[in-house]
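S.K.: Give me the fold of what follows.
(4 chains)
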2 protein chains.
Amino acid sequence: MILAKKKIFTDFALSKGLRSTRQRDIILDIFLSTHQHISVEELYLKVKSSTPDIGQATVYRTLKLFAEAGLAREILLHDGQTRYEHVVAGEHHDHLVCTKCNSIVEFENETIEMLQNEIADRHGFQIRNHKLEIYGLCANCR
Amino acid sequence: MILAKKKIFTDFALSKGLRSTRQRDIILDIFLSTHQHISVEELYLKVKSSTPDIGQATVYRTLKLFAEAGLAREILLHDGQTRYEHVVAGEHHDHLVCTKCNSIVEFENETIEMLQNEIADRHGFQIRNHKLEIYGLCANCR
DNA sequence: TTGGTTTTGATAGTCATTTTCAATAAAACA
DNA sequence: TGTTTTATTGAAAATGACTATCAAAACCAA
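M.R.: Now for the predicted structure:
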């Protein structure tokens, strides 16, 4: 799992002509050791406590690279700090979100995906990805 | 429609003990005359061209009030600017979002809605609302 | 109109993020 | 291996969106 992610970054670096550096290796290790989503500042503090000579700017730069490489994703909440979450291979972006207990059920529906493609075509739009969130009350909470 | 929105704000102002001011009236008029979503800066420019003596800080403050009153909603894209969109009763939340120029096209598809209902039923889920965002490149940017 | 309170505009301040740039380190080359 | 080339780094300055400050102006009840 972690090796696969490291390979994704190695391949990305290769394809972009990026160099392999100690800083990037360390930041990637630490990012991969986290769960859920983490703010740049939080990650920087972790990095700093493990390797004090790595600068904040490098953490910012490197996280953007991870996002570009497709192994992290920027998340915007309403507190002005950018956070990053892991991109999980094969994950679906279709969720039933319970607004009471915050539980999330992931689903998949081919017909919906097909209709999305149709709609995009009709607008000359080229799809990269999508997110469908249905909010409401789950079976336990209603 | 517009009158209804104005009433929402008037009621909100009343309940909060806020005063009715020329600036808020003008900003509300201009906000209601826009479509889709608009950044604070964009709205400020519109306001300034109509009434040059209204300051930027007031536009920021007033838009936050609109959001609090429930007639606007903050949107975060990835360009660091906060945008506001109209809260429409019974509105649709299905969008094609261009990741390059940030343009948004709203669409509606009954079949998708129907399928969502089916999926929700299957999980014993009671839908309150939903959001479907398709990210990619619009016709102009691809 | 007056008096108390809210709102405003200008501006200074804040804070996350980005840019700059000289120093350093990685890859390419000899 | 040493040398050259070029990317990367850290520190600090710059940027840019947004917020706080505060004296002046506007609002509104009496």
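S.K.: tally of neighbours for A:His95?
M.R.: A count of nearby residues for A:His95, using other CB atoms under 10 Å in any protein chain shown, gives 17. (C-beta placed from N, C-alpha, C; glycine too.)
S.K.: Within the sheet, what are the partner strands of the strand or helix carrying it, with directions?
M.R.: Assessed by DSSP states H and E, A:His95 sits inside strand A:94-98. Strand pairing for strand A:94-98, using DSSP bridges, gives strand A:104-106 (antiparallel), strand A:126-137 (parallel).
S.K.: So which of these is the most surrounded?
M.R.: Across the strands paired with strand A:94-98, averaging neighbours per residue (mean count of other CB atoms under 10 Å in any protein chain shown) puts strand A:126-137 on top, at a mean of 17.
S.K.: quick check, distance from that strand to the centre of its chain.
M.R.: Its chain's average C-alpha position is 15 Å from that of strand A:126-137, according to CA atoms, centre = their mean, to the nearest Å.
S.K.: Show me the least confident stretch of the strands paired with strand A:94-98, going by mean pLDDT.
M.R.: Comparing mean pLDDT across the strands paired with strand A:94-98, the weakest is strand A:104-106, with a mean of 84.
S.K.: Identify the residues contacting that one?
M.R.: With contacts defined as CB atoms under 8 Å, 6 or more residues apart in numbering or on different chains, strand A:104-106 is touched by A:Glu91, A:His92, A:Asp94, A:His95, A:Leu96, A:Val97, A:Cys98, A:Cys138, B:His123, B:Phe125.
S.K.: what's the neighbour count on the last one?
M.R.: So that's B:Phe125. Neighbours of B:Phe125 using other CB under 10 Å come to 24.
S.K.: ok, now A:Thr10?
M.R.: A:Thr10 - counted by other CB under 10 Å - has 15 other residues nearby.
S.K.: For B:His35, see how far away the residue lying closest to A:Arg128 once chain neighbours are set aside is.
M.R.: Closest residue to A:Arg128 apart from its sequence neighbours, by CB to CB, 6 or more residues apart in numbering or on different chains: B:Gly136 at 4.2 Å. From B:Gly136 across to B:His35, the span is 22 Å (CB to CB, to the nearest Å).
S.K.: Make a PyMOL selection of the buried ones in the contacts of strand A:104-106.
M.R.: The buried residues among these can be selected in PyMOL (16 or more other CB atoms under 10 Å in any protein chain shown) with this line:
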select buried, (chain A and resi 94+95+96+97+98+138) or (chain B and resi 125)
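S.K.: pretty sure A:Arg14 is in a strand, no?
M.R.: Just so we're on the same page, residue A:14 is Leu rather than Arg. No. Using DSSP: H, G, I helix; E, B strand; the rest coil, the assignment for A:Leu14 is helix, not a strand.
S.K.: ok, is stretch A:18-27 in contact with DNA strand D or not?
M.R.: Yes. Stretch A:18-27 reaches DNA strand D (CB under 7 Å from any atom of the strand) through A:Leu18, A:Arg19, A:Thr21, A:Gln23, A:Arg24.
S.K.: Show me what counts as buried in that stretch.
M.R.: Neighbour counts over stretch A:18-27 (16+ other CB under 10 Å) mark A:Gln23, A:Arg24, A:Ile26, A:Ile27 as buried.
S.K.: any chance of the residues of stretch A:18-27 next to DNA strand D in JSON lines, with distance to chain B, pLDDT and secondary structure too?
M.R.: Putting the residues of stretch A:18-27 next to DNA strand D into JSON lines (distance: CB to the nearest CB, whole Å; pLDDT from 0 to 100; DSSP: H, G, I helix; E, B strand; the rest coil) gives the following:
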{"residue": "A:Leu18", "distance to chain B": "22", "pLDDT": "97", "secondary structure": "coil"}
{"residue": "A:Arg19", "distance to chain B": "26", "pLDDT": "97", "secondary structure": "coil"}
{"residue": "A:Thr21", "distance to chain B": "26", "pLDDT": "97", "secondary structure": "coil"}
{"residue": "A:Gln23", "distance to chain B": "24", "pLDDT": "98", "secondary structure": "helix"}
{"residue": "A:Arg24", "distance to chain B": "22", "pLDDT": "98", "secondary structure": "helix"}
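S.K.: and the residues you listed, which two are the farthest apart?
M.R.: A:Leu18 and A:Gln23 (11.9 Å; CB to CB).
S.K.: Among the buried residues of stretch A:18-27, which pair sits farthest apart?
M.R.: A:Arg24 and A:Ile26 (7.4 Å).
S.K.: I appreciate the help and will end here.
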